[in-house]
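Provide a 3D model corresponding to the input given below.
(2 chains)
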Protein chains: 2
Amino acid sequence: MFKQNGYKTISIDRVENAQADQNIIVVQDTLKEQGEHVLEALASCESVPAVINVAGGWCGGNCASDDFIANVDLALRQSVWTSAIAASVAAKKLASGGLFILPGAAPVTNGGTSGMIAYGASKAAVHHMNLSISGENGGLAEGNTSLCLAPVVLDTPMNRKFMSKADFSTWTPLSFVAEKLLQWTEDSTSRPKTGSVIKMVTKSGETEIILC
Amino acid sequence: MFKQNGYKTISIDRVENAQADQNIIVVQDTLKEQGEHVLEALASCESVPAVINVAGGWCGGNCASDDFIANVDLALRQSVWTSAIAASVAAKKLASGGLFILPGAAPVTNGGTSGMIAYGASKAAVHHMNLSISGENGGLAEGNTSLCLAPVVLDTPMNRKFMSKADFSTWTPLSFVAEKLLQWTEDSTSRPKTGSVIKMVTKSGETEIILC
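Got it, this is the predicted structure:
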């Protein structure tokens, strides 16, 4: 969506994205090493209109699960580490009036998530980070907007593979998310208020945005 | 306080606690290794009446701070890693009707914490973990209580050292916390509702408990 509209895209991920104009591959095993690698790779990069973290991942289980500690480790890496690095990049590279996006989760806004404790706790950290960053002196430049996307289920190939019998008409299409991100990047007046958690609820193929 | 009342105490920490009956020293560098080490050291331990995580630590700064990523790393280790390990221990070792305590923070309950983003996000994860664990099927045994302590400032030697000009009469004495923990351990009817975040607000030396 961004590329089709003339943007140069930089992908920061564990694997290469063939569609991106530039790839920064992150394979380091510690948060500090990952952060240093990304910031170094972006050192000569000029300011950007948007820094978007859509790092995914999910894991289930409660605190009695044998893999509970491993799941906390995984969920922190997927959601909190990537958000910390993205926030550092945003503080250094986001142009005036730029857009910053963090990856939240809708269920976390409704209280505890006993069936997926590690995932929920990590997403709660991301929601709180978004709230702090959007505050006065949160570290972003004046006029920047920080938002947290909180989809219920995104209609991705991986989700179709693992939940093949679900009702896909209640899943949020990636094209909807991409269109919104492009619109918010280009038209700052169209954006939800900085600090918002943006719940995306899809019913019968129609997606509604609920701010919380 | 617990020792004076006849309890055998096991300290799980990075350094030895000379007052504890048993010490489990945790020096491993990854969450998984730390978790394995602690669970292994407790393998022959019988069920316990309370698992109490009072791991401390604080770090300031917003996302523009040069040490932001390092601070996220530190805050996750201090608050979230220890809570994940404690939760796993509680699921395996807490006796019926036992007490589980996690280390939260009062400022996080009031919204964003722009001046201490890493710390706030980590504590938000702990609060959410407490909420999930206290839910049905959170992983604890029937009748267990999971609570999150959320002091404003504790009156510790370290805090006195680093904030030597503060008004100590607004700090919560450790003896107050210890007395409450003992009371809640011994008398389950005296406990706040499972899942509560227990704000401790001290004014003129008097501490009030506010549930949120």
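
what is the longest helix anywhere in chain A packed up against?
Counting by DSSP state H, the longest helix found in chain A is helix A:117-134. Secondary-structure packing of helix A:117-134 (3 or more Cβ pairs under 8 Å, 6 or more residues apart in numbering or on different chains; DSSP states H and E): helix A:68-75, helix A:82-93, strand A:94-103, strand A:145-151, helix B:117-134. C-beta here means a position set from N, CA and C on the backbone, and glycine is covered the same way.

so what's A:Val201 up against?
A:106, A:152, A:172, A:207-208, A:210 (Cβ atoms under 8 Å, 6 or more residues apart in numbering or on different chains).

so which of the helices and strands packed on helix A:117-134 is the most surrounded?
Of the helices and strands packed on helix A:117-134, the one with the most neighbours on average (mean count of other Cβ atoms under 10 Å in any protein chain shown) is helix B:117-134, at a mean of 29.

what helix or strand is A:Ser65 on?
For A:Ser65, there is no helix or strand it lies in under DSSP states H and E.

near it, how many other residues are there?
Number of residues near A:Ser65 (other Cβ atoms under 10 Å in any protein chain shown) recorded here: 18.

verify the stated contact: it with A:Asn71.
Yes: using Cβ atoms under 8 Å, A:Ser65 is in contact with A:Asn71, at 6.9 Å.

which helix or strand lies directly C-terminal to the helix or strand containing A:Ile198?
Secondary structure assigned from DSSP H and E places A:Ile198 in strand A:197-203. Next in sequence after strand A:197-203, counting helices and strands by DSSP H and E, comes strand A:206-211.

who does that next one pair up with?
strand A:197-203 (antiparallel) (DSSP bridges).

quick one: buried residues of the partner strand?
Within strand A:197-203, the residues scored as buried using 16 or more other Cβ atoms under 10 Å in any protein chain shown are A:197-200, A:202.

out of those residues, who's nearest B:Ser122?
B:Ser122 lies nearest to A:Val197 out of the buried residues of strand A:197-203, by Cβ to Cβ, at 18.4 Å.

what sits against that closest one?
A:104, A:109, A:127, A:130, A:147-148, A:150, A:211-212.

hmm, 7 Å instead?
A:Val197 is in contact with A:104, A:109, A:127, A:130, A:148, A:150, A:212, counting by Cβ atoms under 7 Å, 6 or more residues apart in numbering or on different chains.

also A:Ala64?
Counting by Cβ under 7 Å, 6+ apart, A:Ala64 has contacts B:91, B:139.

distance of it from B:Glu40?
Plainly put, A:Ala64 is 18 Å away from B:Glu40 if you go by Cβ to Cβ, to the nearest Å.

swap in A:Ser190?
For A:Ser190, the distance to B:Glu40 - Cβ to Cβ - is 55 Å.

the residue positioned nearest the centre of chain A bridge partners, please.
For chain A, A:Pro103 is the residue whose C-alpha lies nearest the centre (Cα atoms, centre = their mean; 2.6 Å). Judged by DSSP bridges, the bridge partners of A:Pro103 are A:Leu149.

thought it was touching A:Ala55?
Yes: applying Cβ atoms under 7 Å as the test, A:Pro103 and A:Ala55 come out as touching, 5.5 Å apart.

now do the shared contacts for those two.
Shared contacts of A:Pro103 and A:Ala55, counting by Cβ under 7 Å, 6+ apart, come down to A:Ser79.

dump the helices and strands packed on helix A:117-134 to TSV, plus distance to B:Lys161 and mean pLDDT.
Shown next, in TSV, are these (distance: least, Cβ to Cβ, whole Å; pLDDT from 0 to 100):
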stretch	distance to B:Lys161	mean pLDDT
helix A:68-75	32	98
helix A:82-93	28	98
strand A:94-103	35	97
strand A:145-151	35	96
helix B:117-134	18	98
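
which one of these lies nearest to A:Gln4?
So among those, strand A:94-103 is nearest, using Cβ to Cβ, at 17.8 Å.

for that closest one, packing partners?
strand A:48-52, helix A:82-93, helix A:117-134, strand A:145-151, helix A:174-186 (3 or more Cβ pairs under 7 Å, 6 or more residues apart in numbering or on different chains; DSSP states H and E).

mind listing the strands the helix or strand that the fourth one is followed by pairs with, and their directions?
Scanning forward in sequence from strand A:145-151 by DSSP H and E, the next helix or strand is strand A:154-155. Partner strands and pairing direction for strand A:154-155 (DSSP bridges) are strand A:172-173 (parallel).

contact partners of the partner strand?
A:151-152, A:154-155, A:200, A:202, A:207.

how does it look with 6 Å?
Here strand A:172-173 makes contact (Cβ atoms under 6 Å, 6 or more residues apart in numbering or on different chains) with A:151, A:154-155, A:200, A:202, A:207.

just the endpoints, please. Distance across stretch A:166-181?
26 Å (Cα to Cα, to the nearest Å).

now do it, average pLDDT.
In this model, stretch A:166-181 has a mean pLDDT of 96.

next one: stretch A:198-210
Mean predicted confidence for stretch A:198-210 is 95.

was I right to think A:Val51 contacts A:Phe100?
Yes: the criterion here is Cβ atoms under 6 Å, and A:Val51 meets it with A:Phe100 at 5.2 Å.

so what sits against both of these two?
Joint contacts of A:Val51 and A:Phe100 (Cβ under 6 Å, 6+ apart) are A:Ala90.

about what we covered before: so which of the buried residues of strand A:197-203 is the closest to chain B?
A:Val197 (11.8 Å; Cβ to the nearest Cβ).

returning to what we had before: hey, what's the angle from the longest helix of chain A to helix B:82-93? Just curious.
160 degrees (axes from the mean of the first three to the mean of the last three Cα atoms, to 10 degrees).

contacts for helix A:117-134?
A:58-59, A:62-63, A:71-72, A:75-76, A:79-80, A:83, A:87, A:102, A:104-105, A:108, A:113, A:138, A:146, A:148, A:194-195, A:197, B:63, B:111-114, B:117, B:120-121, B:124-125, B:128-129, B:132.

for stretch A:180-196, same thing?
With Cβ under 6 Å, 6+ apart, stretch A:180-196 has contacts from A:1, A:49-50, A:97, A:99, A:131, A:134, A:145-147, A:198, A:211.
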